[in-house]
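*Asks:* Fold the following and give me the result.
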Amino acid sequence: MEKSDQPGAGADTLKFSSLSELDFVAFDTSKDDYLVMGSIEAPFYEQNKRAPIDLVAVIDRSGSMGGEKIKLVRTTLEYMVSQLAPVDSLGIVIYDQEIEVVFPITKMNGEGKDSALRAIESITARGSTDLCGGLVQGLKLMNDRKEKSDVAACLVFTDGQANHGVTDRAGILGALADYLNFNVSVSVSRPPQVFHAPQQMYSGQYASMPPPSNRNAVLSTPPTSSNYGALPPSGPAVNNYAALPAPGNYGNFAAPVAAPPPAVTVQTAPVPVAAPPAQLGVQTAPPTSNYGSLPASFVPVGAPPGPPGIRMPPPPRQPQAPTSAPRMEVGPIDGLPCVIHSFGFGSDHDAALLKAISDSGRGMYYFIQNADQIPPAFTDCLAGLLSVFAQEVVMTLEPLNGCEIVKADTKFKVTQEGGVTNVNIGDVQSEEHRDILFRVSVPALPSPMDQFEIAKITLKYLNLMTNQREERVVIASVPRPAAAGRIAEAQVYVDKQRNRINATKAMDEAKALAEKGSMQEARKLVQDAIAEIQKSVSGKEKFCLSLIENLNDVLKGLVDVTSYRNYGSYAMSSYSSAHSQQRANLTSPMYTTSSRTAQASNYVSFSNQAPPGQ
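*Replies:* Model (predicted):
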């Protein structure tokens with residue numbers, strides 16, 4: 001039976017209700033695994049009433065990001081800047097084998113936006129992939145904020161494997177858990193023509209550095225903590241090393257330290273005689289006449305007649321047999337300064353790692369199949385962040401009248417204390433639902449009852465519209481009549497959510513089997529899940545038909561090792577992230593809200609107005 005606290009609900013608060021699995025349970029029957037659901041629904045609200053947000057974009061700028069990908073990332077970041085208000089803040093970290101803070105966290109007033117756009121324009125592709133260093137530096141920036149908004153997020157983007165610095169999954173997750181003590185060397189080693197924020201080693205306290213004041217001055221002396229007016233002009237100036245000092249002649253500059261070699265083999269072209277010194281860390285191109293023998297993707301865009309620097313990306317990853325490594329069980333990490341959303345592009349990134357990162361940071365994993373999906377993924381995420389309605393949402397179930405909690409059937413963090421179960425849901429965005437299923441044991445009764453109270457369910461949260469903490473309570477109950485041959489009917493909405501949970505479990509377990517090479521078993525598990533949904537009471541509901549469609553899509557990635565490596569692993573990680581949190585991430589449109597739809601439309605208008613070639 002549905003119970004709601006609707007009399008206290010309104011347009012400025014969460015709607016909270018409970019629902020139990022069946023329309024009745026016979027009084028003389030016990031149930032060992034009975035479903036009780038606490039249900040949350042957030043109202044729609046205008047974004048002009050929203051809370052301020054702090055964002056840090058952590059961008060992979062390795063060599064494989066060249067061409068259209070890095071251009072779309074720049075355009076998307078420019079769009080994000082356009083959507084932020086003066087009360088919002090933005091920071092940008094880029095990483096290859098080096099970590100650079102190209103834009104410290106800054107308020108998005110007019111001056112801040114202009115500075116951000118100049119920094120974004122300077123982002124180019126090169127080098128390897130120190131994902132761990134980039135992510136940890138993003139968290140350090142967040143932690144060092146002087147003014148902290150309620151809504152804060154790191155957006156981490158990569159198109160490849162972590163191949164520099166800490167590269168193993170356990171090591172990277174360990175670095176997240178201890179990010180404050182993890183040492184990151186933030187270096188400034190870009191060509192002088194390209195603007196970067198002056199980052200010197202100040203024990204990670206970059207948020208306290210004053211912003212540059214004059215980026216159009218000519219660099220004549222090295223920047224110091226009090227001399228920011230001497231920064232070079234902004235601009236792409238990609239791969240233009242003509243102005244680099246001659247070997248052994250650094251003027252006022254200290255000779256740069258050689259960067260450590262990447263952890264993977266990098267193919268390089270023949271080095272011309274007049275190459276810059278090796279300690280500059282510049283890889284050079286072959287003579288102009290040799291460009292014709294290179295694949296088009298290896299030739300720098302707009303390369304001048306001379307020998308511009310190019311970086312040859314590592315060879316494509318070949319399909320390999322899945323390993324029998326143990327499945328990575330990951331939960332939210334307490335103490336992080338923000339939510340972490342991860343974005344994996346193409347078929348060469350580590351989906352398991354990125355999903356583990358987003359799960360640890362209570363965020364979403366986005367699988368981006370092609371370059372055209374880069375902007376929709378970022379704008380979808382931004383739309384959600386701009387519409388956060390409630391934070392610190394916790395649902396608590398306390399059993400009553402001899403009932404006992406079996407488990408909370410959710411992937412949100414669950415704790416138990418004194419017979420009470422707490423589910424830490426995190427945040428809820430405009431128009432979103434959160435449906436938490438609890439499995440409880442229900443005892444038989446000596447006589448019939450009109451309403452048998454199963455549990456007290458409490459909801460606590462911070463309302464960002466009113467900036468007030470709120471608490472709501474509902475009682476989950478069910479009629480307990482004399483059955484007299486009657487058959488109880490399942491509640492359709494509860495059954496839909498059970499199908500959602502079971503579909504997510506099937507994907508996670510199938511992925512674990514596929515990682516061990518058990519493709520046939522993985523396919524059977526997914527096929528069985530489809531069959532169970534089809535025969536359920538809610539099987540013909542639009543929502544369940546979408547679940548079946550997702551599961552059928554997963555089967556396309558479980559044909560063999562190649563299909564799993566190229567598609568299946570990414571699709572299952574993405575679907576699992578969406579369904580476990582009931583939140584959109586491109587792959588599952590059933591969770592799309594009007595805020596996300598509006599943001600997508602806004603981006604189309606913005607991109608159509610962007611200058612050609614931007």
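
*Asks:* contacts, neighbours, all on C-alpha from now
*Replies:* OK.

*Asks:* Would you mark the buried spots in stretch 132-152?
*Replies:* Buried residues in stretch 132-152, counted by 16 or more other CA atoms under 10 Å: 132-145, 148, 151-152.

*Asks:* Cross those residues against helices and list the overlap.
*Replies:* C132, G133, G134, L135, V136, Q137, G138, L139, K140, L141, M142, N143 (DSSP state H).

*Asks:* So the second one sits against N163, correct?
*Replies:* Looking back up the chat, that one is G133. No: applying CA atoms under 8 Å as the test, G133 and N163 come out as separate, 11.2 Å apart.

*Asks:* export the host helix or strand of I92 as PDB, just CAs?
*Replies:* In this assignment (DSSP states H and E), I92 forms part of strand 89-95. This file holds the C-alpha atoms of strand 89-95, laid out as PDB (Å, rounded to 0.1, in the frame of the first residue of the first chain):
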ATOM      1  CA  SER A  89      33.800  29.100 -10.000                       C
ATOM      2  CA  LEU A  90      35.800  27.100 -12.500                       C
ATOM      3  CA  GLY A  91      39.300  25.600 -12.500                       C
ATOM      4  CA  ILE A  92      41.000  23.700 -15.300                       C
ATOM      5  CA  VAL A  93      43.800  21.000 -15.000                       C
ATOM      6  CA  ILE A  94      45.300  19.400 -18.000                       C
ATOM      7  CA  TYR A  95      47.600  16.400 -18.000                       C
END
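
*Asks:* What helices and strands are in contact with it?
*Replies:* Packed against strand 89-95 by the contact rule (3 or more CA pairs under 8 Å, 6 or more residues apart in numbering; DSSP states H and E) you find strand 53-60, strand 99-107, helix 131-143.

*Asks:* Now render those as a markdown table, adding mean pLDDT and distance to D334.
*Replies:* Shown next, in a markdown table, are the helices and strands packed on strand 89-95 (pLDDT from 0 to 100; distance: least, CA to CA, whole Å):
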| stretch | mean pLDDT | distance to D334 |
| --- | --- | --- |
| strand 53-60 | 94 | 19 |
| strand 99-107 | 93 | 23 |
| helix 131-143 | 91 | 13 |
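
*Asks:* what about the ones you listed, which gets the closest to A356?
*Replies:* helix 131-143 (12.8 Å; CA to CA).

*Asks:* Compute the inter-axis angle for the closest one and strand 89-95.
*Replies:* 160 degrees (axes from the mean of the first three to the mean of the last three CA atoms, to 10 degrees).

*Asks:* helices or strands next to helix 131-143 in the packing?
*Replies:* Counting by 3+ CA pairs under 8 Å, 6+ apart, helix 131-143 packs on strand 53-60, strand 89-95, strand 99-107, strand 151-158, helix 169-177.

*Asks:* Off-centre distance for it?
*Replies:* 14 Å (CA atoms, centre = their mean, to the nearest Å).

*Asks:* what does stretch 137-151 give?
*Replies:* 17 Å.

*Asks:* Where does pLDDT dip in the stretch 301-450 of the chain?
*Replies:* 301-330 (pLDDT under 70).

*Asks:* swap that for the stretch 1-150 of the chain, please
*Replies:* 1-10, 47.

*Asks:* just the angle between the helix or strand that contains E398 and strand 53-60, please?
*Replies:* Secondary structure from DSSP H and E places E398 in strand 388-399. Orientation of strand 388-399 against strand 53-60 (the same axes, to 10 degrees) gives an angle of 100 degrees.

*Asks:* tell me what strand 388-399 is packed against?
*Replies:* strand 420-429, strand 449-463.

*Asks:* Name the residues linked to the residue lying closest to L135 once chain neighbours are set aside by a beta bridge.
*Replies:* Closest residue to L135 apart from its sequence neighbours, by CA to CA, 6 or more residues apart in numbering: V58 at 6.4 Å. Beta-bridge pairing for V58 (DSSP bridges): V93, V156.

*Asks:* Surely V58 is in contact with F157?
*Replies:* Yes: V58 lies in contact with F157 (CA under 8 Å); the separation is 6.3 Å.

*Asks:* Strands of the stretch 351-500 of the chain, residue ranges please.
*Replies:* 365-368, 388-399, 404-409, 413-417, 420-429, 433-442, 449-463, 468-480 (DSSP state E, counting those that start in this stretch).

*Asks:* Report the strands that pair with the last one, each with its relative direction.
*Replies:* Just to be clear, that refers to strand 468-480. Paired strands of strand 468-480, with direction, are strand 449-463 (antiparallel) (DSSP bridges).

*Asks:* Name the residues that touch the strand it pairs with?
*Replies:* 13, 16, 18, 27, 38, 389-401, 403, 442, 468-481 (CA atoms under 8 Å, 6 or more residues apart in numbering).

*Asks:* just stretch 524-544 next, same as before
*Replies:* Contacts of stretch 524-544 (CA under 8 Å, 6+ apart): 490, 492-493, 495-496, 499-500, 502-503, 506-507, 509-510, 545, 548, 551, 555, 590.

*Asks:* just to revisit the earlier point, D372: which of the helices and strands packed on helix 131-143 is closest?
*Replies:* Of the helices and strands packed on helix 131-143, nearest to D372 by CA to CA is strand 151-158, at 14.7 Å.

*Asks:* Determine the set of other helices and strands touching the closest one.
*Replies:* Using 3+ CA pairs under 8 Å, 6+ apart: strand 151-158 touches strand 53-60, helix 131-143, strand 339-345.

*Asks:* by how many degrees do the last one and strand 420-429 diverge?
*Replies:* Orientation check (the same axes, to 10 degrees): strand 339-345 against strand 420-429 gives 60 degrees.

*Asks:* would you put the C-alpha positions of strand 339-345 in CSV?
*Replies:* Taking Å, rounded to 0.1, in the frame of the first residue of the first chain, the C-alpha atoms of strand 339-345 are listed here in CSV:
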residue,chain,number,x,y,z
VAL,A,339,31.7,14.7,-6.5
ILE,A,340,33.7,13.1,-9.4
HIS,A,341,32.2,12.4,-12.8
SER,A,342,34.3,10.5,-15.3
PHE,A,343,34.1,10.6,-19.1
GLY,A,344,35.8,7.9,-21.2
PHE,A,345,36.1,8.4,-25.0
